[in-house]
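Enquirer: task: produce atomic coordinates for the following.
(one chain, ligands or ions: 2)
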Amino acid sequence: MSCPRCGSRLSQNYITEPPLCVTCGWEYYDYPLPKHTRQRNTLMDGVSSLLRYIGFAKPLMDITMTVHVKRDPLLQAGVGIVVSCPYDGKEMKAIPKSNRGRARYERAYRCGREHRVILMNSSNGELRGWMLQEKVYDS
Ligand SMILES: [Zn+2]
Ligand SMILES: [Zn+2]
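Expert: Residues are numbered from 1 along each chain as shown. Ligands and ions are numbered 1, 2, ... in the order given. Below you'll find the model as predicted:
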């Protein structure tokens with residue numbers, strides 16, 4: 001492709017930017033740039049999301065809980081999530097997974113006042129919502 005103004009070859013540094021003539025500075029603004037690829041469901045630093053209650057207790061249906069993504073160099077993924085208690089907004093701590101098998105898509109959290117919730121993941125790692133964790137008596 002050549003420049004309509006001076007005939008020099010246009011150069012394009014990035015596929016996401018319009019081609020540019022380095023000789024005269026003409027820029028091909030109408031260049032059909034590739035459509036943005038669909039955002040993947042990766043966790044992004046600084047993003048908060050509201051999780052819906054997805055259990056069966058009617059009074060809880062309207063309660064959402066906040067999950068905030070924050071950079072955490074200690075984690076393999078580079079980011080971790082900060083979970084706020086749906087009852088009192090306190091930061092919740094992850095409860096280590098039990099060996100009960102079915103917990104593959106669940107992650108349990110509790111706050112300092114012993115509110116316990118479970119965050120449900122779908123198979124692609126996206127958070128689906130939260131549920132109450134039944135009282136578990138650690139032996
Ligand atoms: Zn030019
Ligand atoms: Zn709480």
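
Enquirer: list the contacts for residue 22?
Expert: Shown in contact with residue 22 (CB atoms under 8 Å, 6 or more residues apart in numbering): 8, 11. Every C-beta, even on glycine, is put in place using the N, C-alpha and C of the backbone.

Enquirer: so what pLDDT did it get?
Expert: Listed pLDDT for residue 22 reads 91.

Enquirer: ok, it to ligand 2 distance?
Expert: Residue 22 sits 60 Å away from ligand 2, taking CB to the ion, to the nearest Å as the criterion.

Enquirer: can you list phi and psi of that residue for me?
Expert: Main-chain torsions, residue 22, degrees, to the nearest 10: phi -80, psi -20.

Enquirer: tally of neighbours for the residue lying closest to residue 4 once chain neighbours are set aside?
Expert: Counting by CB to CB, 6 or more residues apart in numbering, residue 26 is the residue found nearest to residue 4 once chain neighbours are left out, at 7.1 Å. Residue 26 has 16 neighbours, counted by other CB atoms under 10 Å.

Enquirer: can you pull the contacts of residue 26?
Expert: Contacts for residue 26 (CB under 8 Å, 6+ apart) come out as 3-6, 10, 20.

Enquirer: domains of this structure?
Expert: 1-37, 48-132 (automatic domain parsing).

Enquirer: anything in the longest one near ligand 2?
Expert: Yes. Part of domain 48-132 sits close enough to ligand 2 to count as contact by CB under 5 Å from the ion, namely 85, 87-88, 90, 111, 113, 115.

Enquirer: backbone phi and psi for residue 105, please?
Expert: The phi/psi pair for residue 105 (degrees, to the nearest 10) reads phi -110, psi 20.

Enquirer: equivalent analysis for the one 10 residues further on, please.
Expert: Listed backbone geometry of residue 115 is phi -80, psi 130, with angles given as degrees, to the nearest 10.

Enquirer: for residue 68, see how far away it is.
Expert: Applying CB to CB, to the nearest Å, the value for residue 115 to residue 68 is 17 Å.
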